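> model this:
(2 chains)
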There are 2 protein chains.
Amino acid sequence: MKQSLAVGVIGIGAMGMGVAKTLLRAGFSVRVRDIRPEADAEARAAGAIVCTSAAELAAGSAVVISVVVDSAQTDEVVFGRDGAAQALTTGGVFTDGVFIMCSTVAPDYSESLAARLAARGLAMLDAPISGGPARAHAGTLSMMLAGPAAALTRCATVLEAVADRRFVISARAGDGSRAKIVNNMLAGVNLAAACEAMALGLKLGLEAATLHQVVCASSGGSWMFSDRMPRVLAGDYAPRAALKILTKDLSLLLDAAREAGCPAELAATAHRAYAAALAQGFGGEDDAALVKHYAALAGVALPAAVA
Amino acid sequence: MKQSLAVGVIGIGAMGMGVAKTLLRAGFSVRVRDIRPEADAEARAAGAIVCTSAAELAAGSAVVISVVVDSAQTDEVVFGRDGAAQALTTGGVFTDGVFIMCSTVAPDYSESLAARLAARGLAMLDAPISGGPARAHAGTLSMMLAGPAAALTRCATVLEAVADRRFVISARAGDGSRAKIVNNMLAGVNLAAACEAMALGLKLGLEAATLHQVVCASSGGSWMFSDRMPRVLAGDYAPRAALKILTKDLSLLLDAAREAGCPAELAATAHRAYAAALAQGFGGEDDAALVKHYAALAGVALPAAVA
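Numbers count the residues shown, from 1 in each chain, chains lettered A, B, ... in the order given. I've put the predicted structure just below:
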């Protein structure tokens, strides 16, 4: 089915490429832009129009989805040289468009970005996503949405195509990011607990595979335990989600907690373990590699990689 | 179907009563004993033979299942005055019987108990259970089993009746308890993280119900989050599992970790929160009441009880 909205996707790494292809499959006209040219050919082959700047992309897009890494990149693609905001000066569909911010950023940054865009007549949706590249490609991401009801309505077909689980948090920009970092704090602490428990179990003489089986069927289970511990059992630390990402998310949460004047003891304890794992050089490995830090502390050997 | 083994259940609180009734339903002849007489009538009505001492119970039981609270009670019902070990001096079915230890105790205690029973010719299964009273009554408990293969074989029909998820950890007594306390450490940390996250979310201005919905569908989910946070949303802290129990389990884990010379930073951090909640008088409430400690730290109001 042909869709009437022209959509631009800025940032076509694994997540953004999944979003772009999902939108193309759903019948949208899709423009893409990435500062690195590596993925241009793949996007073009899938039917996207490859742009040479965010400004060029925005000039032809009523809805711009930003899937870049962090707030620094977000600011660059909006307000930097040849950023999307340039398109507002030349007229076109973006002048009353919507900017959908999908990166995981500090809630305060998201709030201020929305205010700066509003001052230029642009609506923003604070819309962090969750689920990883496979679900991005399948159009089955989770999305935590905050922003004006009118913008949600205008983007409904786009949001429905990209994310099959959409949680409207509130009308206040920043609340999507707040929900995201609180969720990711739990993911981060639960993973750290899983790694601490596996190392401790090994130290107490239990077999890793047996312990894994028990916990998955018992009250100690968590989404992160079930998803990541099989990688530990297989000795497979090829990055699906790099350790440094969850470390950054915990940092954002701790900043927000400090700003709100609120303690966050467990999050801070977990973050110290992630920071140590980064210091030991594991930041580019899968986040399951956090277990290497706990194993080193405990003096135990982890299961070797399966040949 | 009539079963040939005579089984004794020591400790008929909510869990033990469930185990006894399940065994009666499965066709076993069941003796019960509890130091408090409150549950005697209920057990008798269900078809159990109510005994006046652990020794009397053991004299007629080839298999004795102990479902008492802790190691002090376990020692009392085995080696105390009129304890089960008395039955060994008078002959009878228990002299080559099996003692199934279902309490959550220190692994070292379980190991030494098995050795002391072995010196008297008795086999022991270290068999902590998990799942709560409802699953005890349904015969669908989880059980973490460690002990001699011969004892496992002899008790197979009993174990199958009581627990539909049986994890054989190893032949070493203590390993059932080790697996149990490592699992419960994860349950304890995941619950503490859930409570810290809810309090933090409220502090950041999010709605508790919305945050709950997001986390249950996202990477921050855990068994404890899904099971306990609805109680927080409903303001319902009537004890299903009292806060002091998980606090005790975390203590056992920290003792075992210290004994093994192994750090357990997250477990220790979580335990401090539980200890504070106990100090504030919440030990007899549901363990979801741990959130009251985090809410007090954060200065936020929790959802009120539903009228």
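> tell me the average confidence for the stretch of helix or strand A:L290 belongs to?
Taking DSSP states H and E as the criterion, A:L290 maps to helix A:290-298. Helix A:290-298 carries an average pLDDT of 98.
> With just CA atoms, put it into PDB.
Presented in PDB, the C-alpha positions along helix A:290-298 are these (Å, rounded to 0.1, in the frame of the first residue of the first chain):
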ATOM      1  CA  LEU A 290      30.500  -8.100  31.900                       C
ATOM      2  CA  VAL A 291      30.700 -11.600  33.400                       C
ATOM      3  CA  LYS A 292      34.400 -11.600  32.700                       C
ATOM      4  CA  HIS A 293      34.800  -8.800  35.200                       C
ATOM      5  CA  TYR A 294      32.900 -10.800  37.900                       C
ATOM      6  CA  ALA A 295      34.800 -14.000  37.000                       C
ATOM      7  CA  ALA A 296      38.100 -12.200  37.400                       C
ATOM      8  CA  LEU A 297      37.000 -10.800  40.800                       C
ATOM      9  CA  ALA A 298      35.900 -14.300  41.900                       C
END
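> buried stuff in it?
For helix A:290-298, burial by neighbour count (16 or more other CB atoms under 10 Å in any protein chain shown) applies to A:L290, A:V291, A:K292, A:H293, A:Y294, A:A295, A:L297, A:A298. Where you see a C-beta, it was placed from the backbone N, CA and C, and this is true even at glycine.
> Next: stretch A:73-86.
Applying 16+ other CB under 10 Å to stretch A:73-86 flags A:73-80, A:82-86 as buried.
> Endpoints of that stretch, how far apart?
Criterion CA to CA, to the nearest Å; first-to-last residue distance in stretch A:73-86 is 16 Å.
> And the strands in chain A, which stretches?
Listed from the start of the chain, chain A has strands (DSSP state E) covering A:6-10, A:29-33, A:49-50, A:63-66, A:98-101, A:123-126, A:129-130, A:141-146, A:163-170.
> Give me whichever of the ones you listed is most buried.
strand A:6-10 (a mean of 30; mean count of other CB atoms under 10 Å in any protein chain shown).
> State the phi and psi torsions of the closest residue to chain B within the stretch 201-307 of chain A.
For the stretch 201-307 of chain A, the residue closest to chain B is A:G220, as judged by CB to the nearest CB, at 3.0 Å. Per-residue torsions, A:G220: phi -90, psi 0 (degrees, to the nearest 10).
> Can you get me a residue count around it?
Residue crowding around A:G220 was assessed by other CB atoms under 10 Å in any protein chain shown; the count is 29.
> Also A:E38?
With other CB under 10 Å as criterion, A:E38 counts 9.
> likewise A:I245?
Residues contacting A:I245 under the criterion other CB under 10 Å number 17.
> ok, now which ones touch A:R165?
A:T140, A:L141, A:S142, A:M143, B:A217 (CB atoms under 8 Å, 6 or more residues apart in numbering or on different chains).
> so what's the fourth one scoring on pLDDT?
What it means is A:M143. pLDDT recorded at A:M143 is 96.
> Find the nearest non-adjacent residue to it, please.
Of all residues not flanking A:M143 in the chain, A:A163 sits nearest, at 3.7 Å (CB to CB, 6 or more residues apart in numbering or on different chains).
> Okay, domains of chain A per the record?
Domain segmentation of chain A under automatic domain parsing yields A:6-172, A:179-298.
> so which of those comes closest to B:S130?
With respect to B:S130, and counting by CB to CB, the nearest of those is domain A:179-298 at 5.4 Å.
> can you give me the offset of the closest one from its chain's centre?
The chain centre lies 17 Å from the centre of domain A:179-298; the measure is CA atoms, centre = their mean, to the nearest Å.
> With stretch A:155-172 instead?
Worked out by CA atoms, centre = their mean, stretch A:155-172 lies 15 Å from the chain centre.
> any idea of the mean pLDDT for it?
For stretch A:155-172, mean pLDDT rounds to 96.
> All the helices of the stretch 101-250 of chain A, residue numbers only.
Counting by DSSP state H, counting those that start in this stretch, the stretch 101-250 of chain A has helices at residues A:107-119, A:132-138, A:149-154, A:156-162, A:175-203, A:208-216, A:223-233, A:243-260.
> So for the longest one, mean pLDDT?
Spelled out, that is helix A:175-203. 98.
> so does that helix get close to chain B?
Yes: contact of helix A:175-203 with chain B (CB under 8 Å from any CB of the partner chain) involves A:175, A:178-179, A:182-187, A:189-190, A:192-194, A:196-197, A:199-201, A:203.
> just to revisit the earlier point, save the domains of chain A as CSV, and put in distance to B:A241 too.
Output for these, formatted as CSV (distance: least, CB to CB, whole Å):
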stretch, distance to B:A241
domain A:6-172, 29
domain A:179-298, 9
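> now for these, which one comes closest to B:A307?
Closest among those, once you apply CB to CB, is domain A:6-172, at 26.0 Å.
> Chain B contacts on the stretch 1-150 of chain A?
Within the stretch 1-150 of chain A, the positions lying close to chain B (CB under 8 Å from any CB) are A:P107, A:S130, A:S142, A:M144.
> Return the residues in contact with A:R25.
Counting by CB under 8 Å, 6+ apart, A:R25 has contacts A:G139.
> how near is it to B:L204?
With distances taken as CB to CB, to the nearest Å, A:R25 is found 36 Å from B:L204.
> quick one on the thing from earlier: would you mind getting the angle between the helix holding A:L290 and helix B:243-260?
60 degrees (axes from the mean of the first three to the mean of the last three CA atoms, to 10 degrees).
> can you list contacts of helix A:290-298?
Outside helix A:290-298, the residues that touch it by CB under 8 Å, 6+ apart are A:191-192, A:194-196, A:198-200, A:202-203, A:232, A:237, A:243, A:273-274, A:276-277, A:280, A:282, A:301-302, B:262-263.
> Among the residues you listed, name the buried ones.
A:191-192, A:194-196, A:198-200, A:202-203, A:232, A:237, A:243, A:273-274, A:277, A:282, A:302, B:262-263.
> Name the residue most distant from the centre of chain A?
Centroid-distance maximum for chain A: A:G205 at 37.2 Å, with CA atoms, centre = their mean.
> In this structure that one contacts B:R178, no?
Yes: using CB atoms under 8 Å, A:G205 makes contact with B:R178 at a distance of 7.1 Å.
> can you dump the C-alpha coordinates of stretch A:111-124 into PDB?
Output in PDB follows, covering the C-alpha atoms of stretch A:111-124 (Å, rounded to 0.1, in the frame of the first residue of the first chain):
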ATOM      1  CA  GLU A 111      13.100  18.300  26.700                       C
ATOM      2  CA  SER A 112      15.400  21.200  25.600                       C
ATOM      3  CA  LEU A 113      15.600  19.800  22.100                       C
ATOM      4  CA  ALA A 114      11.800  19.800  21.900                       C
ATOM      5  CA  ALA A 115      11.700  23.400  23.100                       C
ATOM      6  CA  ARG A 116      14.300  24.500  20.600                       C
ATOM      7  CA  LEU A 117      12.400  22.800  17.700                       C
ATOM      8  CA  ALA A 118       9.000  24.200  18.900                       C
ATOM      9  CA  ALA A 119      10.500  27.700  18.800                       C
ATOM     10  CA  ARG A 120      11.100  27.000  15.000                       C
ATOM     11  CA  GLY A 121       7.500  25.700  14.600                       C
ATOM     12  CA  LEU A 122       8.500  22.000  14.600                       C
ATOM     13  CA  ALA A 123       6.900  19.300  16.700                       C
ATOM     14  CA  MET A 124       9.100  16.600  18.300                       C
END
